[in-house]
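Novice: Provide a 3D model corresponding to the input given below.
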Amino acid sequence: MSSSEESVVAEREAEAERGDQSPAIATAPAGNRVERGIVWKTLTVIRFEMRRTRTDARALTWLVMVLFPAGLLSLYRWEAETTADFQPPPEPILGIVLYGLIPQVVCLLGLLLWVAPVLQAELDGRTWIYLAVRPGGKTATLIGKYLNGIAWTASAALLGLTIGMLAGRLHVSEPFRVWRVIAGLIFFSCFAYGAAYSVIGAIFHRKAMVVSVAYILIFEVVISNLPAVINQFTVQHHLFNLLFHWMAWEVPEDAQLLVGGQPAWQHVTALIVYTLTMLSIATLILRWRQYVTSEES
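Specialist: Sure, this is the predicted structure:
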């Protein structure tokens, strides 16, 4: 093992040991001690990943994710001001454009970079074996990397949404309501898609990003737009329905087959259940599957 890999492992072990030996945990009852130990280790992973991923390349990627929707919406404002007979599109169309740009494109790409390779980075760095033998190490690593990816992605999406709406000055009657709805969809998108990427990363760890792209194209693009019951098993279906429910927009004729009559709370419940189920599956896979590190292979 190289000196850099040894330092990474030593730093993680030192932080975990400080968590295990803290007075609050040592004096807690046995049941609470295990629970708080997992929470502390998860927070340790988050702190470590925040520092590890704070590189120039990641910062540039984050900045591009922020400026991408802002730049496109600025072009909308430029066209509106330079075209004499400009006719703004209906509000539902503008809302769908915002939804497609940020909770879909920005969130999916950000999670693809930060969450999909959740396991392969540890296997390539030969640190997985040290994390796997620690009590709760696998679960803490999965949840910590998952939340770290959500933090990076959601922050970029929210900032991009804010700058984009200020720069684009969209023709909507309730801009703050649009911002709140899209912001809520960003969080649901990050948690749900991040959980799906975690399962893919645990199963297809060597080609996690490739399989994740295939999953998005097949399920979230093709199947979610099919006017059939199967589209209700996709995240896109529930997010799209929440957009129309929360904005109280009249459903366009060409979208009536995709927007159902279920109340908003059913879609929220479906997304929460989906997220918890996917995270549980990913955790079980990591706990019971044996992985081969790069050195062993």
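
Novice: ends of stretch 74-93, how far apart?
Specialist: From its first residue to its last, stretch 74-93 covers 17 Å (CA to CA, to the nearest Å).

Novice: And the helices in the stretch 101-250 of the chain?
Specialist: Applying DSSP state H, counting those that start in this stretch to the stretch 101-250 of the chain gives helices spanning 107-114, 120-124, 128-132, 137-168, 175-203, 208-215, 235-247.

Novice: Any idea which of those helices gets closest to Q87?
Specialist: helix 137-168 (16.1 Å; CB to CB). Where C-beta positions appear, they are placed from N, C-alpha and C, glycine not excepted.

Novice: And the closest one, what does it pack against?
Specialist: Here helix 137-168 touches helix 30-52, helix 56-82, helix 91-99, helix 107-114, helix 128-132, helix 175-203, helix 264-288, going by 3 or more CB pairs under 8 Å, 6 or more residues apart in numbering; DSSP states H and E.

Novice: what about 6 Å?
Specialist: Applying 3 or more CB pairs under 6 Å, 6 or more residues apart in numbering; DSSP states H and E, we find helix 137-168 packed against helix 30-52, helix 56-82, helix 107-114, helix 128-132, helix 175-203, helix 264-288.

Novice: Same list, those, but as JSON lines with mean neighbour count, distance to L94 and mean pLDDT please.
Specialist: Listed next are the helices and strands packed on helix 137-168 as JSON lines, based on neighbours: other CB atoms under 10 Å; distance: least, CB to CB, whole Å; pLDDT from 0 to 100:
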{"stretch": "helix 30-52", "mean neighbour count": "16", "distance to L94": "35", "mean pLDDT": "70"}
{"stretch": "helix 56-82", "mean neighbour count": "15", "distance to L94": "9", "mean pLDDT": "88"}
{"stretch": "helix 107-114", "mean neighbour count": "22", "distance to L94": "19", "mean pLDDT": "93"}
{"stretch": "helix 128-132", "mean neighbour count": "18", "distance to L94": "46", "mean pLDDT": "69"}
{"stretch": "helix 175-203", "mean neighbour count": "22", "distance to L94": "8", "mean pLDDT": "94"}
{"stretch": "helix 264-288", "mean neighbour count": "16", "distance to L94": "20", "mean pLDDT": "93"}
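
Novice: and of the ones you listed, who's closest to L98?
Specialist: Evaluated with CB to CB, the helices and strands packed on helix 137-168 place helix 175-203 nearest to L98, the distance being 5.4 Å.

Novice: Now do the closest one: distance to the chain's middle.
Specialist: Centre-to-centre, helix 175-203 and its host chain are 5 Å apart (CA atoms, centre = their mean, to the nearest Å).

Novice: quick one: that helix to helix 137-168, angle?
Specialist: 150 degrees (axes from the mean of the first three to the mean of the last three CA atoms, to 10 degrees).

Novice: and the angle from helix 175-203 to helix 91-99?
Specialist: Orientation check (the same axes, to 10 degrees): helix 175-203 against helix 91-99 gives 40 degrees.

Novice: returning to what we had before: T82 is nearest to which of the helices of the stretch 101-250 of the chain?
Specialist: helix 137-168 (14.1 Å).

Novice: Including distance to L98, could the helices of the stretch 101-250 of the chain go into a markdown table?
Specialist: As requested, the helices of the stretch 101-250 of the chain are exported to a markdown table (distance: least, CB to CB, whole Å):
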| stretch | distance to L98 |
| --- | --- |
| helix 107-114 | 12 |
| helix 120-124 | 32 |
| helix 128-132 | 39 |
| helix 137-168 | 7 |
| helix 175-203 | 5 |
| helix 208-215 | 23 |
| helix 235-247 | 9 |
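
Novice: what about those, which gets the closest to A59?
Specialist: Closest among the helices of the stretch 101-250 of the chain, using CB to CB: helix 137-168, at 9.9 Å.

Novice: Show me what counts as buried in the closest one.
Specialist: The neighbour-count check on helix 137-168 (16 or more other CB atoms under 10 Å) flags 137-161, 163-165, 167-168 as buried.
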